[in-house]
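In: Sequence and predicted structure, then a few things I'm wondering about:
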Amino acid sequence: MRLPAALAAILALLATTIHAPAAHAQVVGGFDFSRAEVSVTGLQVPWAMAFLPDGSGLVSERNTGRIMQVRPGQTPSAVATISGVSASGESGLLGLAVSPTYAQDGYVYAYFTSTAGDNRLVRLTLSAPQTQTVIFSGVPSATIHDGGRIAFGPDGMLYVATGDAGNTANAQNLNTPAGKILRMTPTGGIPSDNPFSGSRVWSYGHRNVQGLAWDAQGRMYATEFGQNTWDEVNQIVAGGNYGWPTCEGNCGNSSFRSPIVTWTTAEASPSGLAYANDTLFAAALRGQRIWAVPLTSGGTAGTPVAEFRSAYGRLRAVAVGPDGWLWVATSNRDGRGTPVAQDDRIIRVPRATSGNDTSPPTTPGTLSASGTTASAITLAWGASTDNVGVSGYDVLRAPGASGGSFAQIGTSATASYTDGGLASSTTFRYQVRARDAAGNVSPLSNTVTVTTGSGGGGTGGCTVTPTTQTQWGTGYVIQPVTVANSGTSAINGWTVTLTLPVGHALTGSWNATPTTSGQTVTFRNAGHNGALAPGQSTTFGFQATRPAGNTQAPAGYTCAA
């Protein structure tokens with residue numbers, strides 16, 4: 001029997017309603033995925049993203065060797081090309097990082113597979129991009145498992161993720177940098193407090209790490225590709241062994257650290273990693289999604305939530321931009337994806353503005369100028385608090401000691417900011433405000449008025465303060481030895497001189513380069529700690545031996561800038 005047309009239409013509508021998929025919550029980890037927008041198109045296999053103080057992004061292109069500058073809604077522009085890139089398979093131009101003191105030094109760091117047959121790290125400036133200084137090289141390379149993610153940690157050190165280069169034995173061998181997470185100074189040196197003496201190795205037993213991030217407590221996390229079964233997110237600790245090739249995922253062996261999250265390789269193949277609002281965000285290549293991983297107060301994981309399932313294809317990089325949005329880069333032109341005409345793309349996800357959170361962060365603590373030179377002003381303030389977490393700070397500036405209007409000049413994820421490229425002997429006023437993941441904005445801080453230096457009339461000087469950390473019958477350690485800029489202008493280097501008692505001998509030092517002449521020891525700054533703004537300080541340390549029963553200590557400390 002045929003149904004009347006009207007009844008058939010009603011039944012068809014009911015059937016459609018009954019079988020419609022359940023509504024999916026789009027606000028995850030403080031971001032509203034339902035309002036995501038494609039902001040940049042036309043990239044060629046983007047691999048990493050980093051941000052400049054002006055809010056623009058830098059993107060590495062794996063196969064072309066180019067560093068592209070991107071802004072939402074604008075055509076990408078090439079600002080540098082890395083020399084000697086060998087792009088084959090998974091290798092090429094990989095990680096990018098911007099110096100945390102970019103306003104002073106202008107450095108950009110890039111990690112790539114070279115035509116010399118290794119993976120290496122270079123440093124350059126965008127004002128002279130053709131000058132590229134190699135600061136670390138010799139990491140084994142291959143067409144697979146090159147790692148590649150680099151990032152500055154909260155401690156100011158540079159972390160480099162490497163792969164096992166297709167040789168599983170590399171991961172457990174502490175004498176090779178392959179299959180590791182490395183920690184080094186901004187000049188490529190070995191920090192004195194690394195877990196293995198004389199080594200850049202921070203953690204080992206890794207197959208192929210391509211994501212690094214830190215939470216609000218400073219805990220470190222990494223994403224890692226499994227072989228056939230389990231992909232991982234690990235909490236990284238100094239000296240930790242993460243089990244490859246013995247373990248893939250959890251193996252119940254107390255000799256190895258277990259991951260906080262595992263997925264099948266089809267669900268994830270995770271590359272980039274970002275943190276915001278007590279949540280890790282992992283970009284999945286084969287899984288074609290963003291995994292949002294809530295973190296507990298103890299640093300373990302809650303139940304992950306998947307977003308962007310197959311919506312934009314393979315996802316390589318994810319980062320929280322200075323605008324507070326989540327930036328996600330595709331990797332559909334890497335030979336394993338199905339590109340559309342706009343690929344490769346950057347998708348931006350806005351902060352969540354819906355819901356019941358209407359409570360703004362507290363007013364930032366007292367704003368002050370902690371360092372001033374002829375061309376830069378460093379600001380610091382007390383951190384704000386918020387019921388869902390502070391996502392960043394806006395920095396505002398006005399010209400002169402009075403009059404003129406305030407305008408936002410930048411953002412900061414921490415309670416400090418350096419405003420660089422300023423004219424000498426010029427006065428500015430500053431304010432800051434905090435914002436949370438729901439888009440609420442705090443009241444403005446106090447106003448601080450600052451004048452840059454004259455550029456020629458300041459005075460430089462330094463002081464030195466030693467501290468005896470430990471001593472025993474035949475030796476001692478002096479640490480920290482604090483060097484402070486006591487002048488009114490910046491210094492670019494310092495020298496500390498002291499006298500060892502007769503019979504004492506220097507046996508080691510860190511964060512400074514020593515020379516000895518008889519009992520006189522002269523320490524000169526290392527490459528990464530010589531530049532100090534007025535009021536700023538740095539530290540170094542040394543160890544010495546002495547005859548048994550001798551209780552004398554070094555004396556006559558002097559500092560020259």
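Out: Thanks, I have the structure now. Numbers count the residues shown, from 1 in each chain.

In: the helices in the stretch 101-250 of the chain, which residues?
Out: 102-105 (DSSP state H, counting those that start in this stretch).

In: same deal with the chain?
Out: Using DSSP state H, the helices found in the chain span residues 5-18, 102-105.

In: Compare these and say which comes out lowest on pLDDT.
Out: Looking over the helices of the chain, mean pLDDT reaches its minimum on helix 5-18, with a mean of 39.

In: Around Asn387, how many other residues sit close by?
Out: Neighbour count for Asn387, taken as other Cβ atoms under 10 Å: 12. Using the backbone N, CA and C atoms, a C-beta is placed for each residue, glycine as well.

In: Not counting sequence-adjacent ones, nearest residue to it?
Out: Among residues not flanking Asn387 along the chain, Ser359 sits closest, at 5.2 Å (Cβ to Cβ, 6 or more residues apart in numbering).

In: Got the confidence number for the one you found?
Out: At Ser359, pLDDT is 82.

In: so what's it up against?
Out: Under the criterion of Cβ atoms under 8 Å, 6 or more residues apart in numbering, the neighbours of Ser359 are Asp386, Asn387, Asp436, Asn440.

In: Ok, Thr474 next?
Out: Thr545, Arg546, Pro547, Ala548.

In: and the third one, backbone torsions?
Out: As for Pro547, its main-chain torsions (degrees, to the nearest 10) stand at phi -60, psi 150.

In: which regions of the stretch 351-500 of the chain sit below the pLDDT cut-off?
Out: 353-356, 371, 437-439, 454-460 (pLDDT under 70).

In: before we move on, back to that, list just the nearest of the contacts of Ser359 to Thr303.
Out: Comparing the contacts of Ser359 against Thr303 with Cβ to Cβ places Asn387 closest, at 22.0 Å.

In: Any chance you could list what contacts stretch 56-66?
Out: Here stretch 56-66 has contacts from 40, 43-52, 67-71, 76, 78-83, 85, 87, 92-96, 98, 108, 110, 112, 317, 321, 327, 329, 334, 346, using Cβ under 8 Å, 6+ apart.

In: Of the contacts of Thr474, just the buried ones, PyMOL syntax please.
Out: To isolate in PyMOL the members of the contacts of Thr474 that are buried, counting by 16 or more other Cβ atoms under 10 Å, one can use:
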select buried, resi 545+546
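
In: would you list the contacts of Thr474 in a markdown table and tack on distance to Leu532 and pLDDT?
Out: Shown next, in a markdown table, are the contacts of Thr474 (distance: Cβ to Cβ, whole Å; pLDDT from 0 to 100):
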| residue | distance to Leu532 | pLDDT |
| --- | --- | --- |
| Thr545 | 31 | 90 |
| Arg546 | 31 | 88 |
| Pro547 | 36 | 89 |
| Ala548 | 39 | 85 |
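
In: surely Pro399 meets Phe428?
Out: Yes: counting by Cβ atoms under 8 Å, Pro399 touches Phe428, with 6.4 Å between them.

In: The two: which is more packed in?
Out: Using other Cβ under 10 Å as the criterion, Pro399 and Phe428 rank with Phe428 on top: 21 against 14.

In: If you tally nearby residues, what's the number for Ser91?
Out: 24.

In: count of residues packed around the residue nearest to it when sequence neighbours are not counted?
Out: Nearest non-adjacent residue to Ser91, counting by Cβ to Cβ, 6+ apart: Thr113, 3.6 Å away. Here the number of neighbours of Thr113 (other Cβ under 10 Å) works out to 28.

In: Relative to Thr133, how far out is Thr113?
Out: Remark: distance between Thr113 and Thr133 (Cβ to Cβ, to the nearest Å) = 18 Å.

In: for Gly493, same thing?
Out: Gly493 is 18 Å from Thr133, by Cβ to Cβ.

In: cool, Thr64 as well?
Out: Where Thr133 is concerned, Thr64 sits at a distance of 21 Å (Cβ to Cβ).

In: Setting aside sequence neighbours, what's the nearest residue to Pro501?
Out: Using Cβ to Cβ, 6+ apart, the nearest residue to Pro501 is Gln552, at 3.9 Å.

In: residues contacting the one you found?
Out: So Gln552 contacts Pro501, His504, Arg546 (Cβ under 8 Å, 6+ apart).

In: same question, Thr125
Out: Asp105, Gly106, Tyr107, Val108, Thr131.

In: so it bridges to which residues?
Out: Tyr107 (DSSP bridges).

In: Now do it, the pLDDT please.
Out: Reading off the model, Thr125 has pLDDT 96.

In: Neighbour count for Gly493 and Thr133, which is higher?
Out: A count of neighbours by other Cβ under 10 Å puts Gly493 above the other of Gly493 and Thr133, at 15 against 12.
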